[in-house]
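1. coords please:
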Amino acid sequence: MSARVYSEHPTPHHPNSPVRWAEPIPRAGDRFGGYEIQRLLGQGGMGIVLRAHDTTLHRDVALKLVHPSLSASPHARDAFLEEARAMAAIRHPNVVQIHACGTEGPVSYFVMELFDGGSLEMKIMRDGPMPPEEALPILRGVAQGLGAIHAVGRIHGDVKPSNVLLGRKRSQVALTDMGLSRALGQGEPEGEVQGTPAYLSPERATALTVPPALQPRQDVYSFAVMAVELLTGRLPFESGQPQKLLEMHAHETPPNPSALDSTLDPRLDAPLLRALVKNPRERTATPMQLVEELESATRGTNRPLRVLVVDDDADWREMLALAISRRFPGATVEGASDGELGIMAAEREAPDIALIDLNMPGLNGVELTSALRALAPRGKLPIIVMSGEGGARDWRILKSLGADRFFVKPVELDELFASVERLVS
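-> Residues are numbered from 1 along each chain as shown. Purely as a prediction, here's the structure:
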C-alpha cells in the first residue's frame, strides 16, 4: 500500500546538539555529507525527504534518504537506486529533476530539485476545491509531466496530490516520487497490490495484467481521480478500509463529479467519467486528452478557440501562434501587423479573445482597445494587452477603455494562457 502522508518534524533541533546525523531522522542543523539539513519535508515507508543546503554549490535542495530502519536492506537500496534512475531518465520541467545520488556510510541518498510551494495535497487541504480556471493549469502541468514519463516507456504508478509539487510561481508544477514507477511490460510483484488505494486503477486493484500499450492508462485513471478531488474536494470513492476502496474502484460506478460538489459545472462530468472507465481499452487515452476535453467543456462548446493576435513584431506573432496551437489544440490564430488590420480581422469574423500589442505604428494598442470594445461589449470579447515598455499609467487607461488584462513583456506564457482560459470560459 502507499506510504503515509508526509508531515513536519514535531520538534525543533536543539541549537547545542552536535552537527552530525546522530538521530534516527536528521534534524535542522545536522550535517549529512556535503549538505546541511534545514528541516524535514516528509517521510514514508521507504524514505525520508529533507530540505537541505548544498554547502559546495550554495543552493537549497531536496535530499531523499533511505529510511534509517531500511538502510541495511539490499532490497531497499536496490529499489531506491531504481527510483533515482527512473527520475534521471526524464528531463522535463514538470518532473522533479535529480541532481546526484550516492551513499554516505550505510545510507543511500539522492539529491533533487527543490520546490518551495509545498504539495498539491497541502494546497487542497488548505484551500479546498479549486475552480476550473485555477485547477486546469495545474492539471495541464501534471499531464505534461506524465506525458514525458510515458514517452520514455514508463508509468509513474502513484499519481496523487501528495506527489505533485508546486513552486512559488503558478506555472511551477512537477511530479515527484517515482518509487512505484516501472517500465512498460514490467509486471508488479506477484501477489502484491502496490500503490495508493484511493487512486488505484481497476486493473491494478485486481492485479489484472494488461498489454504494455494500455499500461499508461493506469496513470490516466489515477490522474482523473486526482482531477475530481481537485475540482470537488472529494474522491470518487471513499472508505476507511483499503480493501473496500480497491473493490469500489474495481466494480462500482463512480458518481457524477457534479454530484460531489453542486458548484461544479455538469459539463465537466462526461470528460472525467470517460477517464474513469473500468476497461482501459475504453478509457481516455492520455492525461493531456482529459485536460483538453475539460478545457473544451469549460468553454461550453467543441468549436475551436479563435484568437486574434495584433503585433507589429512578426517573430513574436509567429512564436505566440505556435504556442497557442500547442496549448489549445485546434485553435485558429489570426495575426495582424497593425491596429487597422486588426479591426478589419475582427469585423470579418469575431474572435473569442484578442491579444494586442500596446506600442504599434499607426493605430496603437490604446486606440485599438477602444475600437475593439466598440465592436463588442465587455464580456463578449476579452482583450489582453501586452507591452515591452508600459506601466501602471498605461494599465489605468486601458482598463478604463475596457481591456481585461495587461502584461509586460517578456510575458510568462503559462500566466498568459491561464488568463486566456479564465476569460474565455
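2. quick one: low-confidence parts of the stretch 101-250 of the chain?
-> Scanning the stretch 101-250 of the chain with the threshold set as pLDDT under 70 gives 187-192.
3. residues near the residue nearest to residue 118 when sequence neighbours are not counted, how many?
-> Using CB to CB, 6 or more residues apart in numbering and skipping residues adjacent in sequence, the residue nearest residue 118 is residue 166, 6.1 Å away. (C-beta placed from N, C-alpha, C; glycine too.) Using other CB atoms under 10 Å, residue 166 has 20 neighbouring residues.
4. how much space is there between residue 166 and residue 119?
-> Distance, residue 166 to residue 119, by CB to CB, to the nearest Å: 7 Å.
5. and the residue nearest to residue 118, what is it in contact with?
-> Each residue near residue 166 by CB atoms under 8 Å, 6 or more residues apart in numbering is listed here: 115, 117, 118, 119, 120, 123, 138, 172, 173.
6. just these now: which is nearest residue 289?
-> residue 138 (16.8 Å; CB to CB).
7. Could you verify my assumption that the closest one touches residue 174?
-> No: at 10.8 Å, residue 138 does not count as touching residue 174 under the criterion of CB atoms under 8 Å.
8. Kindly confirm my reading that residue 407 forms part of a helix.
-> No: Residue 407 is assigned strand when assessed by DSSP: H, G, I helix; E, B strand; the rest coil, not a helix.
9. what bridges to it?
-> Residue 407 has the following beta-bridge partners by DSSP bridges: residue 386.
10. Pretty sure it sits against residue 418.
-> No: with contact defined as CB under 8 Å, residue 407 does not reach residue 418; the gap is 11.4 Å.
11. Give the intersection of the neighbour lists for residue 138 and residue 174.
-> With CB under 8 Å, 6+ apart as the test, residue 138 and residue 174 both reach residue 164.
12. re earlier: tell me the buried residues within the contacts of residue 166.
-> With neighbours counted using 16 or more other CB atoms under 10 Å, the contacts of residue 166 contain these buried positions: 115, 119, 120, 123, 138, 172, 173.
13. Give me the subset of these that lies in strands.
-> Judged by DSSP state E, these include residue 173 as members of strands.
14. With distance to residue 367 added, can I get the buried ones among the contacts of residue 166 in TSV?
-> Listed next are the buried ones among the contacts of residue 166 as TSV, based on distance: CB to CB, whole Å:
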residue	distance to residue 367
115	43
119	47
120	43
123	42
138	37
172	37
173	38
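15. which of the buried ones among the contacts of residue 166 lies closest to residue 73?
-> For these, the nearest to residue 73 is residue 119 (26.8 Å; CB to CB).
16. From residue 49, how far out is that closest one?
-> Relative to residue 49, and taking CB to CB, residue 119 is found at 11 Å.
17. buried residues in whatever helix or strand residue 143 lives in?
-> According to DSSP states H and E, residue 143 maps onto helix 132-151. For helix 132-151, a neighbour-count test (16+ other CB under 10 Å) marks 132-150 as buried.
18. and it, what other elements does it pack with?
-> Applying 3 or more CB pairs under 8 Å, 6 or more residues apart in numbering; DSSP states H and E, one finds that helix 132-151 contacts strand 164-166, strand 173-175, helix 216-232, helix 287-299, helix 413-424.
19. Figure out which of the ones you listed is closest to residue 96.
-> Using CB to CB as the measure, strand 173-175 is the one of the helices and strands packed on helix 132-151 that comes nearest residue 96, at 4.8 Å.
20. Partner strands of the helix or strand following that closest one, with direction?
-> Going down the chain from strand 173-175, the next helix or strand is strand 182-183, by DSSP H and E. Applying DSSP bridges, strand 182-183 is found paired with strand 154-155 (antiparallel).
21. Not counting the strand it pairs with itself, show me its contacts.
-> Contacts for strand 154-155 (CB under 8 Å, 6+ apart): 86, 89-90, 149, 178, 181-184, 215-216, 218-219.
22. Select, from those, the two members most distant in space.
-> 89 and 218 (18.7 Å).
23. quick one, which of the two is more surrounded?
-> Neighbour count, other CB under 10 Å: between residue 89 and residue 218, residue 218 has more, with 22 against 17.
24. Excluding covalently adjacent residues, which one is nearest to that one?
-> Here the residue nearest residue 218, using CB to CB, 6+ apart, is residue 201, at 4.3 Å.
25. Please determine how far residue 278 is located from residue 223.
-> 16 Å.
26. So these two - more neighbours on which side?
-> Neighbours were counted for residue 278 and for residue 223 using other CB under 10 Å; residue 223 has more, 25 against 18.
27. Quick one: residues contacting the nearest residue to the more buried one once chain neighbours are set aside.
-> Counting by CB to CB, 6+ apart, residue 287 is the residue found nearest to residue 223 once chain neighbours are left out, at 4.7 Å. Listed by CB under 8 Å, 6+ apart, the contact set of residue 287 reads 139, 142, 143, 146, 147, 219, 220, 223.
28. repeat for residue 193
-> If you count contacts by CB under 8 Å, 6+ apart, residue 193 has them with 1, 200, 204, 205, 207, 246.
29. Now for these: which two are most distant?
-> 1 and 207 (13.6 Å).
30. Break down the stretch 301-425 of the chain into its strands, ranges please.
-> Using DSSP state E, counting those that start in this stretch, the strands of the stretch 301-425 of the chain run over 306-310, 332-336, 353-357, 383-387, 405-408.
31. Redo those strands as JSON lines? Include mean neighbour count.
-> Shown next, in JSON lines, are the strands of the stretch 301-425 of the chain (neighbours: other CB atoms under 10 Å):
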{"stretch": "strand 306-310", "mean neighbour count": "23"}
{"stretch": "strand 332-336", "mean neighbour count": "19"}
{"stretch": "strand 353-357", "mean neighbour count": "25"}
{"stretch": "strand 383-387", "mean neighbour count": "23"}
{"stretch": "strand 405-408", "mean neighbour count": "18"}
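32. for these, which one sits closest to residue 240?
-> Judging the strands of the stretch 301-425 of the chain by CB to CB, what sits closest to residue 240 is strand 405-408, at 45.1 Å.
33. Show the average pLDDT along the closest one.
-> Strand 405-408 shows a mean pLDDT of 92.
34. That's all I had, so thanks and see you.
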